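Engineer: Build me a model from this:
(one chain, ligands or ions: 1)
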Amino acid sequence: MEEKLKALLALDETIRHRREHPQEGSYTCYLFDKGIDKILKKCGEENAEMIIAAKNNDPDEIANEVSDLLFHILVMMQERGVSLEAVLDILASRSMKTGNLKTFHQVDHNS
Ligand SMILES: N=c1c2ncn([C@@H]3O[C@H](COP(=O)(O)OP(=O)(O)OP(=O)(O)O)[C@@H](O)[C@H]3O)c2ncn1[C@@H]1O[C@H](COP(=O)(O)O)[C@@H](O)[C@H]1O
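Structural biologist: Down below sits the predicted model:
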């Protein structure tokens, strides 16, 4: 598992490298070249495809679409200067806190 998590860090590093060193034939460079609108459009598309995969309840399809979405989110983060480490820091700090369910009052729509 740890080795596989390293692949996520390596992917993030590849994306960073692609941004700094444009390369012919690279899909990542194509996205950076097109700019933030294209990157966000792809994030939206991949998100929609992930939702459909989850609705279909197909584990392989879900894993594939989550992978596509993760890749495009990492590209968006690099474009906006947000590091994967910043996200991991937030997740790590949240992991210290359990019992996060918030209580809420039921809204009475008739009143
Ligand atoms: N993880 C990914 C990854 N996931 C998804 N994709 C691409 O994302 C695209 C999404 O598919 P779509 O059919 O929705 O998009 P499309 O029709 O090809 O393109 P659009 O014109 O619609 O944007 C496909 O072209 C996939 O190949 C990825 N492309 C690259 N990577 C990683 O990035 C690394 C660098 O890749 P290059 O930048 O291509 O060298 C690779 O080694 C991989 O590790």
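Engineer: For Asp60, list the residues it contacts.
Structural biologist: By Cβ atoms under 8 Å, 6 or more residues apart in numbering, no residues touch Asp60. Backbone N, C-alpha and C define where each C-beta goes, glycine included.
Engineer: From the chain's centroid, how far away is whatever helix or strand it lives in?
Structural biologist: Here Asp60, judged by DSSP states H and E, is contained in helix 59-79. Taking the mean of its C-alpha atoms, helix 59-79 sits 5 Å from the chain's own mean (Cα atoms, centre = their mean, to the nearest Å).
Engineer: Is any residue of it near the ligand?
Structural biologist: Yes: if you take Cβ under 6 Å from any ligand atom as the test, helix 59-79 does meet the ligand, through 68, 71.
Engineer: All the helices of the protein, in order from the start?
Structural biologist: 2-20, 27-34, 36-56, 59-79, 84-95 (DSSP state H).
Engineer: For the protein, which residues score under the pLDDT cut-off?
Structural biologist: The model of the chain has pLDDT under 70 over residues 105-111.
Engineer: Contact residues of it facing the ligand?
Structural biologist: Counting by Cβ under 6 Å from any ligand atom, the chain sits next to the ligand at 11, 14, 18, 26-29, 42, 68, 71.
Engineer: let's see it at 8 Å
Structural biologist: 11, 14-15, 18, 23, 25-31, 34, 38, 41-42, 45-46, 49, 67-68, 70-72 (Cβ under 8 Å from any ligand atom).
Engineer: What subset of the residues you listed is buried?
Structural biologist: Among the residues of the chain next to the ligand, those scoring as buried are 11, 15, 18, 28-29, 31, 42, 46, 49, 68, 71-72 (criterion: 16 or more other Cβ atoms under 10 Å).
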